[in-house]
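**Student:** Provided below for reference: sequence and predicted model.
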Amino acid sequence: MSAPAHAVLPATFLSPDTETPEFSMRPTSTSLVAASGAALLLLVGLAIPEWAAAQSSEGRDNPRWRNASEITFILDGGNSAASTLGLRNTLRRTGSRTQLRVEATALRTDATRITRRAVGTPDDFRVEEDRDTERSAERYSLRTRIDRTLTPRTFAFSGVGWEQNTFAGFNHRTVTSAGAGAQWGEEDVWELKVGTGLTYTVRRDVTPDPARDRSFAGLQVTMDYDRQLGEETEIEFRWVVDGNAREFSEVRGNLKQALTTTLTSRLALKTTLELLLENEPPSESIPLVAPGGNGSDETVRVPLRRMDYGLSVALVITI
């Protein structure tokens with residue numbers, strides 16, 4: 001679906017949730033990856049005849065470029081101090097048979113705690129302030145995906161994604177993927193793409209855990225859905241679920257939903273909810289305190305919460 005370029009000014013909020021269960025059933029990674037690879041090869045093989053016949057029309061490809069940029073800056077001062085800086089950019093190239101999407105995100109929030117004290121006597125004193133600034137959120141990501149239409153109902157895709165989120169427990173994580181899927185739609189009205197593929201993940205946790213794989217092969221399922229509801233409203237869904245082929249219980253997902261309502265020819269209101277789920281999140285080391293409240297030099301390893309979410313309400317300026 002096509003859309004004009006946007007500059008977006010959202011307000012963003014982040015928050016976490018609950019803990020981690022354990023599961024024991026796990027098929028072998030070799031048979032799982034082999035079966036998935038065979039299914040992908042079968043789908044692509046069935047599509048090759050139609051794909052080859054359509055290559056003669058490639059010369060008529062007239063690609064369209066569009067870009068959507070989001071800039072967030074929130075500053076509080078006075079009796080409290082906090083600042084949030086967020087940047088998000090989505091670049092798309094759409095041709096007759098090929099689609100390219102590049103997404104970059106950066107988010108950082110700093111909060112300052114102000115402590116005041118009086119120095120002197122009750123009748124003659126001065127006020128002093130101590131300021132302690134801490135980073136409460138920081139996240140960076142860069143993702144690229146290329147979709148290639150094979151037939152009117154099938155497509156192949158490949159992509160690579162990198163992200164850093166120390167507050168979620170990892171310094172960096174890189175995922176490469178390739179696969180195929182099915183697509184349906186009506187031009188400028190709605191589009192649905194469902195894909196499945198193989199992945200390879202490399203990660204480095206903030207607190208390394210010998211029991212966690214630092215690199216592994218896996219499976220991925222994706223769903224992209226866009227629909228125009230009349231002339232003034234559009235909904236978007238971007239769902240990606242990744243799994244470890246060795247550890248079936250190690251599943252993570254990125255679920256993003258957005259609703260855009262047109263206000264005028266150049267203004268729209270966009271609400272986005274993003275859920276980041278991880279069934280077996282990284283762990284962190286925390287200080288161990290005795291039952292009586294006395295501290296010690298010992299630490300224990302505990303898992304982080306399984307869910308983070310971000311909610312943004314954006315004023316969209318159409319350029």
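**Tutor:** Happy to help now that I have it.
**Student:** any idea how far residue 108 is from residue 168?
**Tutor:** Residue 168 sits 14 Å away from residue 108, going by Cβ to Cβ, to the nearest Å. The way it works is simple: take the backbone N, C-alpha and C, and place the C-beta from them, glycine included.
**Student:** Please apply the same query to residue 166.
**Tutor:** For residue 166 relative to residue 108 (Cβ to Cβ), the value is 11 Å.
**Student:** list residues touching both of these two?
**Tutor:** residue 138 (Cβ atoms under 8 Å, 6 or more residues apart in numbering).
**Student:** Pick out whichever of residue 168 and residue 108 has more residues nearby.
**Tutor:** Legend: neighbour count by other Cβ atoms under 10 Å for residue 168 and residue 108, higher for residue 168 (21 against 16).
**Student:** my guess is the more buried one meets residue 281, correct?
**Tutor:** Yes - the criterion here is Cβ atoms under 8 Å, and residue 168 meets it with residue 281 at 7.2 Å.
**Student:** got the end-to-end distance for stretch 284-301?
**Tutor:** Terminal residues of stretch 284-301 are spaced 5 Å apart (Cα to Cα, to the nearest Å).
**Student:** Would you mark the buried spots in that stretch?
**Tutor:** residue 284 (16 or more other Cβ atoms under 10 Å).
**Student:** I'd like to know the average pLDDT value across the helix or strand where residue 198 lies.
**Tutor:** If you go by DSSP states H and E, residue 198 is part of strand 190-205. Over the span of strand 190-205, the pLDDT mean works out to 94.
**Student:** other SSEs contacting that strand?
**Tutor:** When contacts are defined as 3 or more Cβ pairs under 8 Å, 6 or more residues apart in numbering; DSSP states H and E, strand 190-205 sits against helix 29-53, strand 154-165, strand 170-186, strand 215-229, strand 233-244.
**Student:** elements contacting the last one?
**Tutor:** If I follow you right, that is strand 233-244. Using 3+ Cβ pairs under 8 Å, 6+ apart, strand 233-244 is in contact with strand 190-205, strand 215-229, strand 251-262.
**Student:** Equivalent analysis for the third one, please.
**Tutor:** Under the contact criterion of 3+ Cβ pairs under 8 Å, 6+ apart, strand 170-186 touches helix 29-53, strand 154-165, strand 190-205, strand 215-229.
**Student:** Give me the residues contacting it.
**Tutor:** Against strand 170-186 from outside (Cβ under 8 Å, 6+ apart): 1, 40, 43-44, 47, 149-150, 153-164, 191-206, 220, 222, 242, 282.
**Student:** Show me which residues of it are buried.
**Tutor:** Buried residues in strand 170-186 (16+ other Cβ under 10 Å): 170, 173, 175, 177, 178, 179, 180, 181, 183.
**Student:** got these as a markdown table, with pLDDT and distance to residue 228 columns?
**Tutor:** Formatted as a markdown table, the buried residues of strand 170-186 follow (pLDDT from 0 to 100; distance: Cβ to Cβ, whole Å):
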| residue | pLDDT | distance to residue 228 |
| --- | --- | --- |
| 170 | 89 | 37 |
| 173 | 94 | 34 |
| 175 | 95 | 31 |
| 177 | 95 | 28 |
| 178 | 95 | 30 |
| 179 | 95 | 27 |
| 180 | 95 | 26 |
| 181 | 95 | 22 |
| 183 | 93 | 17 |
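**Student:** and which of these is nearest to residue 87?
**Tutor:** residue 173 (19.7 Å; Cβ to Cβ).
**Student:** what sits opposite the nearest residue to residue 158 once chain neighbours are set aside in the beta ladder?
**Tutor:** Nearest non-adjacent residue to residue 158, counting by Cβ to Cβ, 6 or more residues apart in numbering: residue 178, 4.4 Å away. Using DSSP bridges, the bridge partners assigned to residue 178 are residue 158, residue 198.
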